[in-house]
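K.L.:
Give me a model of this one.
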Amino acid sequence: VFEHGQAPDDLTSLRLVAEARGAHNMPLDPAPAMAALKENGTFEMEGLAGPQAFELMDPPKGWFLKRVTHNGTDLTDEGYVFTPGEDVSGFEVVMTTRSQTVTGSVANARGEAVKNYTVIVFPEDESKWTGAPNRSFGTARPDPEGRFQLSGLPAGSYLAVAVESEEDVEWTD
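P.N.:
Model prediction:
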């Protein structure tokens, strides 16, 4: 489903990914399952078992994943638990052209603009802090004037922290 805009002309270029999840919604090692959308916007995947989370790989420019539902239940961030051999239908993937943008700047203790930093933006809701790489997290570097902008986040309330450098994924600790 495409909200707030004209659907892309070629839906068959879109890829839906199902990634196996373990404890605390962390991705497991096996390669994710992938399905190309059909011309009518439907998709099929086989061999899914256990908890799986869905996302669209390389969505069209200006489009963002809004939610994934199963029979009306939102499972965007939690995923769905499949029983081996079970045929399941009733999934809906909703895309939108609307997203959250976070902007700002950083100043030091003397009130002077800082121009070398990384800002990390994360959901205010602590229940979304653990688990898999999350669409509600992001990082940004400043422009030459010292301002940052991070776009494409789902609507919501966010916190931000500025750090001198983003060493690998230590900021997730």
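K.L.:
Just want the most central residue of the protein.
P.N.:
Compute the mean C-alpha point of the chain, and by Cα atoms, centre = their mean the closest residue is residue 135, 2.2 Å away.
K.L.:
Checking my notes, that residue in a helix, right?
P.N.:
No. Counting by DSSP: H, G, I helix; E, B strand; the rest coil, residue 135 is not found in a helix; it is coil.
K.L.:
Could you number the chain from 7 rather than 1 from now on?
P.N.:
With 7 as the first residue, the last one maps to residue 141.
K.L.:
what's the distance between it and residue 111?
P.N.:
Separation of residue 141 from residue 111 (Cβ to Cβ, to the nearest Å): 25 Å. Yep, even glycine has a C-beta here, placed from its N, CA and C like the rest.
K.L.:
Which residues does stretch 46-66 contact?
P.N.:
Contact partners of stretch 46-66, identified using Cβ atoms under 8 Å, 6 or more residues apart in numbering, comprise 7, 13-14, 17, 19-28, 31, 33, 39-43, 71, 74, 81-90, 97, 99, 101, 138, 141.
K.L.:
List only buried entries from these.
P.N.:
Taking 16 or more other Cβ atoms under 10 Å as the criterion, what is buried in those is 14, 17, 20, 22-27, 31, 39, 41, 43, 71, 74, 81-83, 85-86, 88, 97, 99, 101, 138, 141.
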